[in-house]
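Chemist: Give me coordinates for this.
(2 chains)
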Amino acid sequence: SAVISQKPSRDICQRGTSLTIQCQVDSQVTMMFWYRQQPGQSLTLIATANQGSEATYESGFVIDKFPISRPNLTFSTLTVSNMSPEDSSIYLCSVDGLAGYDEQFFGPGTRLTVL
Amino acid sequence: KNEVEQSPQNLTAQEGEFITINCSYSVGISALHWLQQHPGGGIVSLFMLSSGKKKHGRLIATINIQEKHSSLHITASHPRDSAVYICAATPLYNQGGKLIFGQGTELSVKP
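Modeler: Predicted structure coming up:
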């Protein structure tokens, strides 16, 4: 299994500002995923991040709003830009397992509140 | 209609009760995941299964591929089991590890 940490664990931000969330894995992984979970909802995939290439965004999510970096095989960041109260959510990163795509491990999440 | 459906959406139980959460899916899958999300938000992967049954402590997960149905059972439930339980599927048409998530079942176990 993979152990994943996220920073920050929670934050309260002002409208119009940006927040960068970090995801660190204790082993090298091919694929990292960023999810958003709005209050009372299930998880929605924002983008998939592979090392050395541009992130692949899902429908409804754009790079200008959610820029992602993946500088190496153990680390990724997600930035939530120009935040509004609608961005208040839990943001989670996950990674694929060493055995392939079928296994996924999730981070502890970042709880974001935008005022 | 969602490709992965869970029932019930909410469940309240007394400590010690046997609990069942159901998950039905409408697509071909290569794996079915059961996840647990505590109030803080972090998610723990409980099981990943593609056939049969798995057991870990008081938790049991079963899957019936022909009926496209999976169940998560909790025996001798305890207040610390209170969490949201999420069923997620890895579809056969899987593109890059994406999962399809159910809506979640919020479980509250009362002492």
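Chemist: Okay, and the most centrally placed residue in chain A sits in which element?
Modeler: In chain A, the C-alpha nearest the mean C-alpha coordinate belongs to A:W34, at 3.2 Å (CA atoms, centre = their mean). Per DSSP states H and E, A:W34 falls inside strand A:31-37.
Chemist: Lowest average confidence across helices and strands of chain B, where is it?
Modeler: strand B:43-49 (a mean of 89; mean pLDDT, DSSP states H and E).
Chemist: Tell me which helix or strand A:V29 sits in.
Modeler: Counting by DSSP H and E, A:V29 is part of no helix or strand.
Chemist: if I pick it, what's in contact with it?
Modeler: Counting by CB atoms under 8 Å, 6 or more residues apart in numbering or on different chains, A:V29 makes contact with A:2, A:73-74, A:95-96, A:98. Where C-beta positions appear, they are placed from N, C-alpha and C, glycine not excepted.
Chemist: let's see it at 7 Å
Modeler: Applying CB atoms under 7 Å, 6 or more residues apart in numbering or on different chains, one finds that A:V29 lies in contact with A:2, A:73, A:95-96.
Chemist: what's the answer for A:I4, then?
Modeler: Contacts of A:I4 (CB under 7 Å, 6+ apart): A:23, A:25, A:93, A:95, A:105-107.
Chemist: And B:E3, by the same measure?
Modeler: Neighbours of B:E3 in contact, by CB under 7 Å, 6+ apart: B:25-27, B:100.
Chemist: in chain B, which ranges drop under the pLDDT threshold?
Modeler: Applying pLDDT under 70 to chain B picks out residues B:1, B:94-97.
Chemist: for it, what spans make up the helices?
Modeler: In chain B, no helices are defined using DSSP state H.
Chemist: circling back: what mean pLDDT would you report for the strand holding A:W34?
Modeler: Averaged over strand A:31-37, pLDDT sits at 93.
Chemist: can you dump the C-alpha coordinates of the helix or strand that it is followed by into CSV?
Modeler: Using DSSP H and E, the helix or strand that follows strand A:31-37 towards the C-terminus is strand A:44-50. Extracted in CSV, the C-alpha atoms of strand A:44-50 (Å, rounded to 0.1, in the frame of the first residue of the first chain):
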residue,chain,number,x,y,z
THR,A,44,-15.7,14.1,-8.5
LEU,A,45,-12.5,13.6,-10.4
ILE,A,46,-10.8,17.0,-11.3
ALA,A,47,-7.8,15.7,-13.2
THR,A,48,-5.2,13.0,-13.6
ALA,A,49,-1.6,13.9,-13.2
ASN,A,50,1.3,11.9,-14.7
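Chemist: buried ones in strand A:44-50?
Modeler: A:45-50 (16 or more other CB atoms under 10 Å in any protein chain shown).
Chemist: So which elements touch the strand holding A:W34?
Modeler: strand A:44-50, strand A:89-97 (3 or more CB pairs under 7 Å, 6 or more residues apart in numbering or on different chains; DSSP states H and E).
Chemist: Among these, which one carries the weakest average confidence?
Modeler: Looking at the helices and strands packed on strand A:31-37, the bottom one is strand A:89-97 with a mean of 89.
Chemist: Report the inter-axis angle for that strand versus strand A:31-37.
Modeler: 160 degrees (axes from the mean of the first three to the mean of the last three CA atoms, to 10 degrees).
Chemist: can you list contacts of strand A:89-97?
Modeler: Contacts for strand A:89-97 (CB under 7 Å, 6+ apart): A:2, A:4, A:6, A:21, A:23, A:25, A:29-38, A:43, A:76, A:78, A:103-107, A:109-112, B:41, B:43, B:97.
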